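# Structure here, sequence nowhere to be found:
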């Protein structure tokens, strides 16, 4: 590179470098979304099936405990990958915080639901778990889409918001709460797995 | 009177390195080389100069069996870059 260049060249170069960095996605950036998409979709379908065959049916909900080892394994794997990454962008860090915030909010929300349901001896609060979590996923996906400027996550957010509405509607119209797991499963595939694969393909062509 | 352009930044490769690092948290040597298109030798020299001026922080370590060089912009670097852009804007607007 030459040492002598004018002020217009300087501005052009600054702009070019900032754009290069901004449009850069880490290789495998969509992996966590793909993993969680498949895990939750499979668990939701399993829960739906087990609810029909198990007695008492609520034993089926123990399948969700599988998310704990998956969370730990994924966290360990992502931390290892972050150390090996060729670049960590500001956006990666912001998106990491968004999902950490989502996880903490979820944890507090589920604890509150159990606290109220057990203390008041009612199942009603449990009805809110799936739609509210789907609304929160929609929010986190929406912000992620805006930060990354990545449209498929925006469509994913819309799918989760629509899914949450469908969950509430089916409580009223079908009178069978189990279908919420089918809605959740389809939303995970459409809102997490497919955009995750699209993001990975985009990242592959970046680095 | 025009502000003098910082000679350390008014070099194509050093400005490219600082602009790139300004946009990320930290970046590996390989990433900077790919994005700037510079040769490894030239890039090493320029990174060393920026590091001596405390515009960037350089961490060298062994990751498994692979030696790694990771660079991060410092507060001094950000301030120098801002002054450089300000000087550049003054220069262009008064031209």
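Structure's in. What do you need? These numbers were taken from a predicted model, which means no experiment stands behind them. Residues are numbered from 1 along each chain as shown, chains lettered A, B, ... in the order given.

# mind listing what's buried in stretch A:16-23?
By neighbour count on 16 or more other Cβ atoms under 10 Å in any protein chain shown, the buried set for stretch A:16-23 is A:17, A:20-21. C-beta here means a position set from N, CA and C on the backbone, and glycine is covered the same way.

# Output those of these also counted as contacts of chain B.
A:17, A:20-21 (Cβ under 8 Å from any Cβ of the partner chain).

# which residues of chain A score low on pLDDT?
Applying pLDDT under 70 to chain A flags the ranges A:1-4, A:22-24, A:206-207.

# Swap in 80 and give it another go.
For chain A, applying pLDDT under 80 flags the ranges A:1-7, A:19-28, A:57, A:82-85, A:174-177, A:203-207.

# Make CSV from the ones next to chain B among the buried residues of stretch A:16-23 and add secondary structure to it.
As requested, these are arranged in CSV below (DSSP: H, G, I helix; E, B strand; the rest coil):
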residue, secondary structure
A:17, helix
A:20, helix
A:21, helix
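
# Does stretch A:78-98 reach chain B?
Yes. Applying Cβ under 8 Å from any Cβ, one finds stretch A:78-98 touching chain B at A:83-90, A:92-93.

# Show me which residues of the strand or helix carrying residue A:205 are buried.
Using DSSP states H and E, residue A:205 sits within helix A:194-206. Buried positions in helix A:194-206, judged by neighbour count with 16+ other Cβ under 10 Å: A:194-200, A:202-203.

# Which ones among those also lie next to chain B?
Among the buried residues of helix A:194-206, proximity to chain B is found for none (Cβ under 8 Å from any Cβ).

# closest to chain B among these?
Using Cβ to the nearest Cβ, residue A:203 comes nearest to chain B of the buried residues of helix A:194-206, at 13.1 Å.

# quick one: the closest one and residue A:25, what's the gap?
4 Å (Cβ to Cβ, to the nearest Å).

# Excluding chain neighbours, what is closest to the residue nearest in space to the middle of chain B?
By Cα atoms, centre = their mean, chain B has its centre lying nearest to residue B:18, at 2.6 Å. Leaving aside its chain neighbours, residue B:18 sits nearest to residue B:81 (5.5 Å; criterion: Cβ to Cβ, 6 or more residues apart in numbering or on different chains).

# From what I see, that neighbour and residue B:23 are in contact.
No. Using Cβ atoms under 8 Å, residue B:81 is not in contact with residue B:23; the gap is 10.9 Å.

# quick one: buried residues of the helix of greatest length in chain A?
Counting by DSSP state H, the longest helix found in chain A is helix A:90-120. Buried residues in helix A:90-120, defined by neighbour count with 16+ other Cβ under 10 Å: A:91-92, A:95, A:98-99, A:102, A:106, A:113, A:117.

# Relative to the whole chain's centre, how far out is stretch A:114-130?
24 Å (Cα atoms, centre = their mean, to the nearest Å).
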